[in-house]
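Enquirer: fold the following, please.
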Amino acid sequence: MIGQLYVEGDLRVGGIVEGEVEVTGDVEIGDLAKVKASVSARDVIIRGHVIGAVVARKRLEVTRSGSLTGDVRVARLEIQDGATFSGKVSMGAAAEAPAKASETKPVVPEPKPVAVEPKPVVPEPEAQAATKAAAPI
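Expert: Next comes the predicted model:
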């Protein structure tokens, strides 16, 4: 599967997934699964291979057969002996998915054009006098 996957409920992945996975319930990545995607769910159990950011609102478990390469945001984290993990961990009481780009607002307002009248740097009569004075003799 390549693309975005949104599931209301639980999901078990047993194959190859690329893109984005968002689940309201729990996600289990099976032993033979290869996931190259961002994953967001309540609980995430990784038995296979995941490359990508993971947000587990309650719990993330990487089992002894699992591997995870990517940053995670979790409330609770369990990495079993034999599992592999490479990435950064952000933990808290209630990990939440970061805001999507469409939901964000710029901090600095957009610049607005301003009407400006062009003015010479040196007043006109003084500019002519300066030019005459600088002319070679």
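Enquirer: what's the weakest-modelled helix or strand in this protein?
Expert: The helix or strand of the chain with the lowest confidence, counting by mean pLDDT, DSSP states H and E, is helix 124-134 at a mean of 57.
Enquirer: for whatever helix or strand L77 lives in, packing partners?
Expert: Assigned by DSSP states H and E, L77 belongs to strand 72-79. Under the contact criterion of 3 or more Cβ pairs under 8 Å, 6 or more residues apart in numbering; DSSP states H and E, the helices and strands touching strand 72-79 comprise strand 54-62, strand 89-91. (Each C-beta comes from the backbone N, C-alpha and C, glycine too.)
Enquirer: direction included, what does that strand pair up with?
Expert: strand 54-62 (parallel), strand 89-91 (parallel) (DSSP bridges).
Enquirer: quick check: longest strand of this structure.
Expert: The longest strand of the chain (DSSP state E) is strand 34-46.
Enquirer: next, the buried residues of that one.
Expert: 34-35, 37-46 (16 or more other Cβ atoms under 10 Å).
Enquirer: adjacent strands (with direction) for it?
Expert: Taking DSSP bridges as the criterion, strand 34-46 pairs within the sheet with strand 16-23 (parallel), strand 27-29 (parallel), strand 49-51 (parallel), strand 54-62 (parallel).
Enquirer: any idea which of the ones you listed is most buried?
Expert: Looking across those with neighbours counted as mean count of other Cβ atoms under 10 Å, the highest average goes to strand 27-29: a mean of 24.
Enquirer: could you check the pLDDT of E117?
Expert: The score at E117 is 70. That number is its pLDDT.
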